[in-house]
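Peer 1: need coordinates for the following:
(chains A and B)
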Amino acid sequence: MTSIGTGYDLSNSVFSPDGRNFQVEYAQKAVENGPTTIGLRCKDGIILACEKLITSKLLVPGSNKRISTVDRHVGIATSGLVPDGKHFTNRAREEAISWRRNFKDSVPVSSLADRMGSYAQAYTLYSSVRPFGVTAILGGADDDGPALYMIEPSGMYWGYFGAATGKGRQAAKSEIEKLNLTDLTLLQGVKEAARIIYVAHDDNKDKEFEIEMTWITKDSQTATAAATGSRGMVWNGWVHEDVPRELLEEASREAKKAVEEDDDDEEEEPKTEKMDEDL
Amino acid sequence: MVSRTGNLTEDGIHVDMEHLKKGEVNLGTSIMAIEFDGGVILGADSRTTTGAYIANRVTDKLTQITDSVWCCRSGSAADTQAVADIVRYHLNLYETQNGHPPSVKTAASIFQEICYTNKDALTAGIIVAGVDRHHGGQVWNIPLGGSLHKSKYTIAGSGSSYIYGFCDSYWKDGMTKEEGMNFVKEALREAIKWDGSSGGVIRMCILRKGEKPERHLFLPDEDYASPVKSA
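Peer 2: Now for the predicted structure:
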């Protein structure tokens, strides 16, 4: 950032001479140090997962959630400044409710992503506000099936098969790219997501962490309401909920094991190379 | 002010059935819409009256709202035209903003919202019917108070009172297009026969997924025999 001190980074709504908005770029920096957060669009649903570093032994396990429900069929995971994420999520909830009021239907994920993209973008235009210090991964399902979007501080958003943000995003992305997400099921996805969070964690391995993971599924074991046709409870049958605890624990165990085995392999690798040289 | 929707006195609720303003144009009507195997069929008579005078004998009470959602209008011609125009505006906006056409349910719920919130000012009984990508053909009825009802077929307007029995007897699920057209035509023929406020030609509109709306016209001078495909 050679432009620091030139004055063009002090306000929104002021371009630098080479056409950049530094406030937005700083907001992106805030996200780059956030917790690794990923989203997978599987064949039969969406998985949202987040690495949560345990900052204090006094914290109750599972507290300080970073993934929340927006509407019954939509979830949002944020990485970056926690309060900004809360505000952003609440706005998404308002959008979803407003859609229900207007159209007596659950909001399509693409429309919600579009509204939230516009909302984030509006915070890059005025000198009286700053951009959101979060990247949000928005997952949901509608008549067109599961859909995944990632919304950045600039207001830019794309639809994804798999998305990653936060500190371990590079490692996570290269792992996600290896997956065949058009065929992957939710159950397989849970294990992959847990493994990816462990792999991406590698760099700061001495820190304790827990995995927060939710999914959007049509086969919920906990949702008891019926998907009704016309009036009453308007719901498309998809549910955003926590991944069942036993399933997540199993996935975490396997992920931890797989990553430890990988580490062992890596330690052995130099030896085999030397042997090759000897031959 | 005396309420248009009913006044409660010690001897019960009184509804002013002659609530039209002096000279107001009324659709004393027979309208209906049905689901059939491949979509929906909307049907209507064509009489528009101002009191005893027939203001228009070839009215088109079937009104297009989006590419694949139409409605049948009954009650005040002015009110229902205005409501249809407002809903059309909202649904056009919906399609451009969201990149996909609104569902029939969404269309019906916008009609309902307007009919319900303005119930004291409106005389509008509307049937919304159409097809959409995910749920195929649907028929929704919005009677005077602004409630919303989904059904396989629905009849409305002053002439509909005469054909409840007919429709109940002859209705069957999953009719073909020809069976459906015949059902609608024969029902409306009865309604026109018995209802003094219904008459003229029978108009129909057939909506099927991915196909253009198909209009038909049946003339009374041929005893509504042959369907004339109209534009």
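Peer 1: so what pLDDT did the closest residue to A:V74 other than its chain neighbours get?
Peer 2: Once flanking residues are discounted, A:V74 sits nearest to A:G140: 3.6 Å by Cβ to Cβ, 6 or more residues apart in numbering or on different chains. To be clear about C-beta, it is placed using only N, CA and C from the backbone, and glycine gets the same treatment. pLDDT, A:G140: 97.
Peer 1: again, but for A:E268
Peer 2: Predicted confidence (pLDDT) for A:E268: 56.
Peer 1: show me where chain B has helices.
Peer 2: In chain B, the helices defined using DSSP state H lie at B:77-98, B:104-117, B:164-170, B:177-194.
Peer 1: export those helices as TSV, with columns for mean pLDDT and distance to A:K104.
Peer 2: Below are those laid out as TSV (pLDDT from 0 to 100; distance: least, Cβ to Cβ, whole Å):
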stretch	mean pLDDT	distance to A:K104
helix B:77-98	96	13
helix B:104-117	96	4
helix B:164-170	97	27
helix B:177-194	96	27
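Peer 1: got TSV for these, with mean neighbour count and distance to chain A too?
Peer 2: As requested, these are exported to TSV (neighbours: other Cβ atoms under 10 Å in any protein chain shown; distance: least, Cβ to the nearest Cβ, whole Å):
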stretch	mean neighbour count	distance to chain A
helix B:77-98	17	5
helix B:104-117	23	4
helix B:164-170	12	20
helix B:177-194	20	22
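Peer 1: between these, which one is nearest to B:G38?
Peer 2: helix B:177-194 (6.3 Å; Cβ to Cβ).
Peer 1: what is the closest one packed up against?
Peer 2: Secondary-structure packing of helix B:177-194 (3 or more Cβ pairs under 8 Å, 6 or more residues apart in numbering or on different chains; DSSP states H and E): strand B:31-36, strand B:39-44, helix B:164-170, strand B:202-208.
Peer 1: now for the first one, which elements pack on it?
Peer 2: Secondary structure elements in contact with strand B:31-36, counted by 3+ Cβ pairs under 8 Å, 6+ apart, are strand B:39-44, strand B:69-76, strand B:124-132, strand B:136-142, strand B:153-156, helix B:177-194.
Peer 1: where does pLDDT dip in chain A?
Peer 2: In the predicted model of chain A, residues A:1-4, A:202-206, A:224-233, A:266-279 satisfy pLDDT under 70.
Peer 1: and the residue nearest the centre of chain B, how far is that from B:R189?
Peer 2: The centroid of chain B falls nearest to B:C72 when counting by Cα atoms, centre = their mean (2.3 Å). For B:C72, the distance to B:R189 equals 16 Å [Cβ to Cβ, to the nearest Å].
Peer 1: turn the helices and strands packed on helix B:177-194 into JSON lines, including distance to A:G155.
Peer 2: Below are these laid out as JSON lines (distance: least, Cβ to Cβ, whole Å):
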{"stretch": "strand B:31-36", "distance to A:G155": "43"}
{"stretch": "strand B:39-44", "distance to A:G155": "40"}
{"stretch": "helix B:164-170", "distance to A:G155": "54"}
{"stretch": "strand B:202-208", "distance to A:G155": "39"}
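Peer 1: mind checking which of those is nearest B:F111?
Peer 2: Comparing the helices and strands packed on helix B:177-194 by Cβ to Cβ, strand B:31-36 comes nearest, at 13.0 Å.
Peer 1: so that closest one versus strand B:39-44, what angle?
Peer 2: Here strand B:31-36 points in a direction 160 degrees away from that of strand B:39-44 (axes from the mean of the first three to the mean of the last three Cα atoms, to 10 degrees).
Peer 1: can you list the strands that strand B:31-36 pairs with?
Peer 2: According to DSSP bridges, strand B:31-36 forms sheet pairs with strand B:39-44 (antiparallel), strand B:153-156 (antiparallel).
Peer 1: tell me which of the ones you listed sits most buried.
Peer 2: strand B:39-44 (a mean of 28; mean count of other Cβ atoms under 10 Å in any protein chain shown).
Peer 1: compute the inter-axis angle for that strand and helix B:104-117.
Peer 2: Strand B:39-44 runs at 40 degrees relative to helix B:104-117, counting by the same axes, to 10 degrees.
Peer 1: A:F209 contacts A:C50, correct?
Peer 2: No - here A:F209 lies out of contact with A:C50, judged by Cβ atoms under 8 Å, at a distance of 9.8 Å.
Peer 1: the more surrounded of these two?
Peer 2: A:C50 (27 against 18; other Cβ atoms under 10 Å in any protein chain shown).
Peer 1: confirm the more buried one sits in a strand?
Peer 2: Yes - assessed by DSSP: H, G, I helix; E, B strand; the rest coil, A:C50 belongs to a strand.
Peer 1: ok, it - contacts?
Peer 2: Counting by Cβ atoms under 8 Å, 6 or more residues apart in numbering or on different chains, A:C50 touches A:P35, A:T36, A:T37, A:I38, A:R66, A:I67, A:A77, A:S79, A:I197, A:I211, A:E212, A:M213.
Peer 1: again, 7 Å this time
Peer 2: A:P35, A:T37, A:R66, A:I67, A:A77, A:E212 (Cβ atoms under 7 Å, 6 or more residues apart in numbering or on different chains).
Peer 1: highest neighbour count among the residues you listed?
Peer 2: A:T37 (34 neighbours).
Peer 1: quick one: contacts for that residue?
Peer 2: A:C50, A:R66, A:A77, A:S79, A:I137, A:T165, A:G166.
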